[in-house]
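**Q** Generate coordinates for the sequence data below:
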Amino acid sequence: SNLGKWYLPLAHLHALAAQLACDTITSEQLTQLRQMDQAIMEHVEAGDVAGTLRADVKFHIRILELVDNEFIMEFSEILMLHIQRIEYYLFSRTNNHLMSFTQHTTLLDALEKRDAQAAHEAMLANWLSTLERYNRTLNQMEAAPQPEKTKKAAQESDIFVLASPRVKKSGKRRIAHSEI
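**A** Numbering: from 1, shown residues only. Down below sits the predicted model:
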């Protein structure tokens, strides 16, 4: 029930970051983002769920870093801390991760053209389609009977931690891209 409370503001913060990045992104940064997106695809093709998700988080954090806005970064970090466990759990139970790669390509093309509106829309679509897939997955899981052992394991496990520990940078709390 909290997915919308977490993902909707996160989607809009990241969409704002993509929009703002159009003003400052360099060709070197764009090349780096394309390489990061290719790494996501390689993890998808290898069936590496944890690697795919880790690479995707790095990609999104890198865009936040390009904007250099500590408020967008900090608010995003707070929201990511709330969703990091459920993110892996649900990501590993959904498919169509190639859609995210395609959406990233659309986003990168918009950044390259410095089309702020298209970048905003592409990033928003990327996050909202993830939210939609997760909601469908949760609805299917709730409808299907689950053994008690599986329920207990899902509730108690430390499935995966995506966001790195908070690090200090200029006195502000930040997610360090290099530590993910």
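**Q** which strands and helices sit next to the one helix or strand Glu132 maps to?
**A** In the assignment (DSSP states H and E), Glu132 maps to helix 116-143. Packed against helix 116-143, as judged by 3 or more C-beta pairs under 8 Å, 6 or more residues apart in numbering; DSSP states H and E, are the following elements: helix 3-21, helix 70-91, helix 97-113. Backbone N, C-alpha and C define where each C-beta goes, glycine included.
**Q** Out of those helices, flag the one nearest Leu128.
**A** Checking the helices and strands packed on helix 116-143 against Leu128 by C-beta to C-beta gives helix 3-21 as the closest, at 5.6 Å.
**Q** Show me what the next helix or strand after that closest one is packed up against.
**A** Proceeding N to C from helix 3-21, the next assigned helix or strand is helix 27-46, under DSSP H and E. Counting contacts by 3+ C-beta pairs under 8 Å, 6+ apart, helix 27-46 packs against helix 49-67, helix 97-113.
**Q** Of those helices, which shows the lowest average pLDDT?
**A** Mean pLDDT per stretch puts helix 97-113 lowest among the helices and strands packed on helix 27-46, at a mean of 88.
**Q** number of nearby residues for the nearest residue to Gln117 once chain neighbours are set aside?
**A** Counting by C-beta to C-beta, 6 or more residues apart in numbering, Gln117 lies nearest to Gln19, which is 7.4 Å off, once chain neighbours are set aside. By other C-beta atoms under 10 Å, the residues close to Gln19 number 21.
**Q** what do you get for Phe91?
**A** Counted with other C-beta under 10 Å, Phe91 comes out at 21.
**Q** Test my guess that it contacts Ala55.
**A** No. Phe91 lies out of contact with Ala55 (C-beta atoms under 8 Å); the separation is 11.8 Å.
**Q** any low-confidence regions in the protein?
**A** 1, 94-98, 146-180 (pLDDT under 70).
**Q** Point me to the residue sitting closest to the centre of this structure.
**A** Centroid-nearest residue in the chain, with C-alpha atoms, centre = their mean: Val57, separated by 4.6 Å.
**Q** For Ala110, see how far away that residue is.
**A** 20 Å (C-beta to C-beta, to the nearest Å).
**Q** between the helices and strands packed on helix 116-143, which one is nearest to Met123?
**A** Short answer: helix 3-21, nearest of the helices and strands packed on helix 116-143 by C-beta to C-beta, at 3.9 Å.
**Q** by contact count, what packs against the closest one?
**A** Using 3+ C-beta pairs under 8 Å, 6+ apart, helix 3-21 sits against helix 49-67, helix 70-91, helix 97-113, helix 116-143.
**Q** okay, those, which one's buried deepest?
**A** Most buried of the helices and strands packed on helix 3-21, by mean neighbour count (mean count of other C-beta atoms under 10 Å): helix 49-67, with a mean of 20.
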